[in-house]
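1. return a 3D structure for these sequence lines:
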Amino acid sequence: MADTLWKRVTWQSENCLACKWFRPADPINADILTNGRCVHPELLKFNLIVSGRDWCNVFEEVSQKQIDAMQAKAMQAEE
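-> Coordinates of the predicted model:
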């Protein structure tokens, strides 16, 4: 059974973890199983909680600059 479950957890291209609209609860340690908010302007009203492995049709690739800024902000909050 566990082997079957593992086969269903797969990396998908253009998933939420790689999207600029994904705001993970923990940006420092985020992975595909991490939950976060979708902050796309047209979807904010739905207050969507998604995982890093989810995906949709408004995907836009996150830049390394955006990742660095999110992680720096999270690091400052921990201090």
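2. list the contacts of P24.
-> P24 makes contact with L17, A30, T34, N35, G36, G52 under the criterion CB atoms under 8 Å, 6 or more residues apart in numbering. Yep, even glycine has a C-beta here, placed from its N, CA and C like the rest.
3. who does it bridge with?
-> Note on P24: beta-bridge partners by DSSP bridges are G36.
4. so where do the helices sit in the protein?
-> Remark: helices assigned in the chain by DSSP state H are 2-8, 64-78.
5. pull up the gap between A72 and V62, please.
-> Distance, A72 to V62, by CB to CB, to the nearest Å: 14 Å.
6. which of the two has more neighbours?
-> V62 (16 against 12; other CB atoms under 10 Å).
7. residues in contact with the more buried one?
-> A18, C19, K20, F22.
8. follow-up on the earlier one: mean pLDDT for the helices of the chain: which is lowest?
-> Here those differ in mean pLDDT, and the lowest is helix 2-8 at a mean of 48.
9. least confident secondary structure element in the chain?
-> helix 2-8 (a mean of 48; mean pLDDT, DSSP states H and E).
10. let me know the pLDDT of the nearest residue to N15 once chain neighbours are set aside.
-> Leaving out its chain neighbours, the residue that sits closest to N15 by CB to CB, 6 or more residues apart in numbering is W55, at 4.6 Å. pLDDT, W55: 86.
11. go on, the one 5 residues further on?
-> With respect to pLDDT, E60 has a value of 92.
12. that one reaches W21, doesn't it?
-> Yes. Assessed by CB atoms under 8 Å, E60 is found in contact with W21 at 6.7 Å.
13. what average pLDDT does stretch 29-41 get?
-> 93.
14. may I have the residues that are in contact with the residue nearest in space to the middle of the chain?
-> Nearest to the geometric centre of the chain sits L17, at 3.3 Å (CA atoms, centre = their mean). Going by CB under 8 Å, 6+ apart, L17 touches P24, A30, D31, I32, T34, G52, R53.
15. distance check, the last one against E78.
-> Read it as R53. Following CB to CB, the distance that separates R53 from E78 is 26 Å.
16. can you check the fourth one too?
-> Relative to E78, I32 is positioned 23 Å away (CB to CB).
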